[in-house]
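In: how would this look folded up:
(one chain, ligands or ions: 1)
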Amino acid sequence: MELSVPKSSLEKVVILGGGFAGIELAKKLSSKKYQVVLIDKNNYHQFQPLFYQVATAGLEPSAISFPFRKLFQKNKNVHFRMAKIDGVDIANQEVHTDIGSIKYDKLVIAIGATTNFYGNAEIEKNVLPIKSTSEALAVRNSLFQTLEQALTETNRDKRKTLLTIAIVGGGPTGVEVSGSLADMRRLIFPKDYPELDFTEMDIYLIDGGDRLLGGMKEHASTKSKEYLEKLGIKLIQQCHVTSYDGEKLVLSNGKTILCHTVIWGAGVKPNTIKGLDQDSILPNGRMKVNAFNQLENETSIFALGDVALMEGDELFPKGHPQVAQVAIQQATLLAKNLNKKHPSEWKKFTYKDLGSMATVGRNLAVVEFPKMKFAGFFAWCIWMFVHLISLIGTKNKIQTFLNWVWNYFTYDQSLRLIISPKQKEKKE
Ligand SMILES: Cc1cc2nc3c(=O)[nH]c(=O)nc-3n(C[C@H](O)[C@H](O)[C@H](O)COP(=O)(O)OP(=O)(O)OC[C@H]3O[C@@H](n4cnc5c(N)ncnc54)[C@H](O)[C@@H]3O)c2cc1C
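Out: Numbers count the residues shown, from 1 in each chain. Okay, here's the model as predicted:
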């Protein structure tokens with residue numbers, strides 16, 4: 001079956017994935033030169049850095065999501081198709097999806113990364129990942145369902161297991177979720193559940209490395225550790241989770257933790273699609289690209305963002321970090337290059353590191369800019385400002401800003417709803 005788009009005399013660029021890279025490229029490709037087809041399995045763009053706030057009832061999913069159709073209302077050359085990408089047929093210049101196949105003149109792969117469970121099916125089945133809006137919502141539902149359950153549990157040990165939470169992974173996601181849950185344990189849960197004793201609630205953060213926020217400098221690691229310990233998080237470092245059956249979490253140091261909730265932020269692996277030349281796929285699954293983001297041995301296939309790996313950058317000789325700025329900057333340059341008359345005019349990619357940051361709960365954050373670093377309240381204000389201006393859509397910015405102001409002054413988010421979507425029953 002053919003995935004149809006309007007007939008056009010323009011060159012057709014098919015973009016796989018509407019994440020940070022995909023939407024940036026679609027917005028910036030010349031409407032005089034290209035017909036752009038953007039394919040994503042969801043009908044909305046997701047702002048991943050704030051997933052943790054959806055998971056911890058700080059923001060509604062709608063505040064960090066933006067419908068592709070609204071985003072491209074004014075870009076008449078951009079056609080969005082909601083489809084799951086299955087594979088590519090390079091010889092026939094064709095992409096296969098679950099709703100049909102489409103030919104391309106140029107193909108851009110920007111399908112991002114997914115949660116890495118390191119091949120452990122038991123862990124995958126029993127933990128809660130946060131790698132999509134729906135997963136973040138599932139974390140929120142599970143947290144509040146478990147509290148409701150704990151409230152009616154009379155056995156002390158069983159209640160403690162229900163109340164205990166383990167977060168795995170000491171990167172930004174793990175640190176941010178831990179800080180946020182510690183704040184809720186202190187400021188919100190006791191008000192909502194006065195019959196529960198929250199001294200029974202332990203929150204563990206488990207990390208395989210010897211310092212938190214390993215992608216940032218020593219200062220951020222030290223400060224985030226100090227803040228989390230102040231908030232009462234039980235930190236376990238240089239230790240891996242070996243198994244989890246839904247109740248018993250076993251660690252590589254032989255210890256076990258009984259907990260009903262395990263939130264998994266322990267790593268990502270690239271999404272894959274069938275049909276690509278295996279020479280262009282590295283052992284870690286990322287696609288090897290040159291300085292123009294072209295796939296090995298290909299002139300009309302490009303990969304951007306988390307899924308791509310470009311070696312040789314002066315600052316990052318072994319490849320760039322999997323962060324939003326890399327995806328955005330690569331997409332911006334690719335659009336500029338493709339908009340040029342001839343490939344001889346193309347420029348090579350160099351990454352401009354704008355810095356990194358993570359928040360560790362109310363009033364606390366760590367920020368690293370190329371020439372300065374700071375932590376605490378000022379860093380927290382900067383973190384909020386940067387995330388606010390990065391959100392897509394004025395409504396989302398305003399909604400998020402008002403939510404944060406409300407939360408700040410009332411010490412209370414009002415989004416603690418358990419909403420599980422009901423699927424429409426399929427007719428036989
Ligand atoms: C919880 C979390 C917090 C983060 N926090 C930060 C942060 O604070 N700062 C920062 O810079 N970075 C952060 N990141 C990383 C950042 O979000 C990524 O680096 C960035 O999203 C990469 O952009 P991308 O365009 O390569 O891929 P993505 O943004 O992941 O987009 C990929 C798109 O492809 C689509 N897709 C995937 N597979 C298929 C398929 N088979 N068929 C159809 N569509 C498909 C997806 O739906 C998605 O829309 C965070 C990531 C997570 C998960």
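In: Residue 390 versus the residue nearest the centre of the chain, what's the distance?
Out: Residue closest to the average C-alpha location in the chain (Cα atoms, centre = their mean): residue 48, at 3.7 Å. With distances taken as Cβ to Cβ, to the nearest Å, residue 48 is found 11 Å from residue 390. Yep, even glycine has a C-beta here, placed from its N, CA and C like the rest.
In: before we move on, what about residue 78?
Out: From residue 78 to residue 390 the distance is 21 Å (Cβ to Cβ).
In: do the same with residue 268
Out: Here residue 268 is placed at a distance of 20 Å from residue 390 (Cβ to Cβ).
In: Over to residue 164?
Out: Distance of residue 164 to residue 390, computed by Cβ to Cβ: 34 Å.
In: Pick out whichever of those two has more residues nearby.
Out: residue 164 (23 against 15; other Cβ atoms under 10 Å).
In: And the pLDDT at the more buried one?
Out: pLDDT, residue 164: 98.
In: Near the ligand, which residues of the stretch 51-200 of the chain are found?
Out: 51, 84, 85, 110, 111, 112, 130, 131, 172, 173 (Cβ under 6 Å from any ligand atom).
In: Top of those by number of neighbours, please.
Out: For these, neighbours tallied by other Cβ under 10 Å; top is residue 110, 31 neighbours.
In: pLDDT score for that one?
Out: 98.
In: what's the answer for residue 371, then?
Out: For residue 371, the predicted pLDDT is 88.
In: For residue 220, see how far away residue 214 is.
Out: Relative to residue 220, and taking Cβ to Cβ, residue 214 is found at 10 Å.
In: Just want to know which of these two has more residues nearby.
Out: Each of residue 214 and residue 220 has its neighbours counted (other Cβ under 10 Å); residue 220 has more, 28 against 13.
In: got the contact list for the more buried one?
Out: 212, 213, 356, 358, 366, 368, 373, 375 (Cβ atoms under 8 Å, 6 or more residues apart in numbering).
In: can you give me the helices in this protein?
Out: 20-28, 51-55, 68-71, 121-126, 133-151, 156-163, 172-187, 189-192, 218-230, 324-339, 377-390, 394-410 (DSSP state H).
In: Just name the most buried of those helices.
Out: helix 51-55 (a mean of 27; mean count of other Cβ atoms under 10 Å).
In: elements contacting that one?
Out: helix 133-151, helix 172-187 (3 or more Cβ pairs under 8 Å, 6 or more residues apart in numbering; DSSP states H and E).
In: Save the ones you listed as JSON lines, and put in mean pLDDT and distance to residue 93 too.
Out: Output for the helices and strands packed on helix 51-55, formatted as JSON lines (pLDDT from 0 to 100; distance: least, Cβ to Cβ, whole Å):
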{"stretch": "helix 133-151", "mean pLDDT": "95", "distance to residue 93": "32"}
{"stretch": "helix 172-187", "mean pLDDT": "95", "distance to residue 93": "37"}
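In: that older thread, between the helices of the chain, which gets the lowest average pLDDT?
Out: helix 394-410 (a mean of 87).
In: Get me the contact residues on the stretch 251-400 of the chain for the ligand.
Out: Contact residues (Cβ under 6 Å from any ligand atom) of the stretch 251-400 of the chain with the ligand: 271, 305, 306, 307, 322, 323, 324, 325, 327.
In: Tell me how far the last one lies from residue 350.
Out: Put plainly, it is residue 327. Taking Cβ to Cβ as the measure, residue 327 and residue 350 are separated by 15 Å.
In: Could you pull up the residues touching the residue in the stretch 51-200 of the chain that the ligand sits nearest to?
Out: Closest to the ligand within the stretch 51-200 of the chain is residue 112: 2.3 Å, counting by Cβ to the nearest ligand atom. Contacts for residue 112 (Cβ under 8 Å, 6+ apart) come out as 17, 19, 21, 270, 271, 305, 306, 307, 327.
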